[in-house]
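Undergrad: for reference, the sequence and a predicted model appear below.
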Amino acid sequence: MRKRRWWMILGGFAVVLTLSLFLLGGHAEAQAQKAAQPIKWVFATNPGPAANTWTFYPYPRFQKLLEKNSGGRLVLDTKMGLFPVNEVVHAVIAGRADIGWERIPWVAGTFPQWDYALPFFWDNIFEYEAFLNDPKLIALEKKSYGEKGLVKIADIAVEALDGIWAKKAVATVDDFKGFKIRTSGLITTLSMKLLGASPLTIPTAEIMEALSRGTVDAIQTSRGWALGFGLADVCTNVSFWRFQSVFGGMLVVNKAKFDALPADLKKIVLDTGREMQGQTIFGAKVEELEADVGLKVSRLKVTQPAQAEINKAREIVRPTVDEWLKIAGPHGKEALAIAANYAGGAKVLLKK
């Protein structure tokens, strides 16, 4: 009888233990499933009217890279056109989007320090890439973006907006005098005024008509975008002057969302951003070379000003550096000091 009672006690204990292990196992499994759920971020993008070039449309590639590198733990819900082209960064700051991509010159009036496209400053996009990878600049941007509630993970840049698309060549500094040129941006507009040109602001949708009617003499923009937009149909000449010596674009994450990630995912996001930055800069150079091929088969006459004329223009537009510093914020001088180590135009523009 005692033996039977003992086995009953042991049997009851075994049942309780089994049930407990089952419940604990089920709880652990539920927790594991919960932990395995991917983090979803809203990715706000807007290429504006420039979706005809890959460097203005990088998001599908970035989304695939991030989801692959994170093993599917971080996925993006891409919303193209959710916000206007000049409001994406504000949406990310406010948390209405978790991650976003914005062309820096579009918001240069708000965040001018983040736009390093001084006229005739960068000789090529690889100088700019070296600058972006400087540890001092990375630390500086971490601080300045962080102050706005952002983490910058990449610069999605385009080659220079270096073309003056017109019906006559602009071969010398003197050729700018009285020339009506459609452009945008405070610094670019000022540099053209200093050279004697008459800069105008015209909506993108109206530039073809403006050229046809003679409202403007020229359009200042990049090679690839101009060819894709059809400027070769209304122009006979293109002259290369690097008024916007690079055209940057920030890929940014809401800082609170970034800080909430586990450490390994933070590293993956940063590493993927740097990977995408390198791919895009290489792609930007490829797009420029492709555009050069397009120019050769078009009827456009291509003018490359002499280096002496470029340096003359650099001397004339030097006041734009002072103007940039006025609006660049407390880190402007420090940023330019770093840039001076890489930019081919720094010797004249900054007297370095």
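TA: That came in fine, so what should we check first? Numbering: from 1, shown residues only.
Undergrad: tell me the domain ranges of the chain?
TA: The record's domain parsing of the chain by automatic domain parsing lists 37-109+123-157+248-288, 161-246+294-349.
Undergrad: could I get the ones you listed as JSON lines with mean neighbour count, mean pLDDT and distance to residue 116?
TA: Glycine gets a C-beta too; all of them are placed from N, C-alpha and C. Listed next are the domains of the chain as JSON lines, based on neighbours: other C-beta atoms under 10 Å; pLDDT from 0 to 100; distance: least, C-beta to C-beta, whole Å:
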{"stretch": "domain 37-109+123-157+248-288", "mean neighbour count": "18", "mean pLDDT": "92", "distance to residue 116": "7"}
{"stretch": "domain 161-246+294-349", "mean neighbour count": "18", "mean pLDDT": "92", "distance to residue 116": "6"}
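Undergrad: columns distance to residue 115 on top of the ones you listed, output as a markdown table?
TA: Compiled in a markdown table, the domains of the chain are given as follows (distance: least, C-beta to C-beta, whole Å):
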| stretch | distance to residue 115 |
| --- | --- |
| domain 37-109+123-157+248-288 | 4 |
| domain 161-246+294-349 | 8 |
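Undergrad: surely residue 99 touches residue 41?
TA: Yes. Residue 99 lies in contact with residue 41 (C-beta atoms under 8 Å); the separation is 5.2 Å.
Undergrad: the domains of the chain: which one's closest to residue 117?
TA: Across the domains of the chain, residue 117 has its closest neighbour in domain 161-246+294-349 (4.6 Å, C-beta to C-beta).
Undergrad: could you work out the end-to-end span of that closest one for me?
TA: Start-to-end span of domain 161-246+294-349 (C-alpha to C-alpha, to the nearest Å) is 18 Å.
Undergrad: cool, and stretch 214-225?
TA: End residues of stretch 214-225 are separated by 21 Å (C-alpha to C-alpha).
Undergrad: also stretch 208-223?
TA: Stretch 208-223 has an end-to-end distance of 16 Å (C-alpha to C-alpha).
Undergrad: leaving out sequence neighbours, find the closest residue to residue 230.
TA: Closest residue to residue 230 in three dimensions, ignoring its sequence neighbours and counting by C-beta to C-beta, 6 or more residues apart in numbering: residue 208, at 6.8 Å.
Undergrad: elements contacting the helix or strand encompassing the one you found?
TA: Using DSSP states H and E, residue 208 sits in helix 207-213. The contact analysis (3 or more C-beta pairs under 8 Å, 6 or more residues apart in numbering; DSSP states H and E) places helix 207-213 against strand 218-221.
Undergrad: packing partners for the strand it packs on?
TA: strand 161-166, strand 180-182, helix 207-213.
Undergrad: sheet-wise, list the partners of it with their directions.
TA: Sheet partners assigned to strand 218-221 using DSSP bridges are listed as strand 161-166 (antiparallel), strand 180-182 (parallel).
Undergrad: residue 311 contacts residue 348, correct?
TA: Yes. Applying C-beta under 8 Å, one finds residue 311 in contact with residue 348, separated by 5.8 Å.
Undergrad: if I've got this straight, residue 324 is in a helix?
TA: Yes. Residue 324: assigned to a helix according to DSSP: H, G, I helix; E, B strand; the rest coil.
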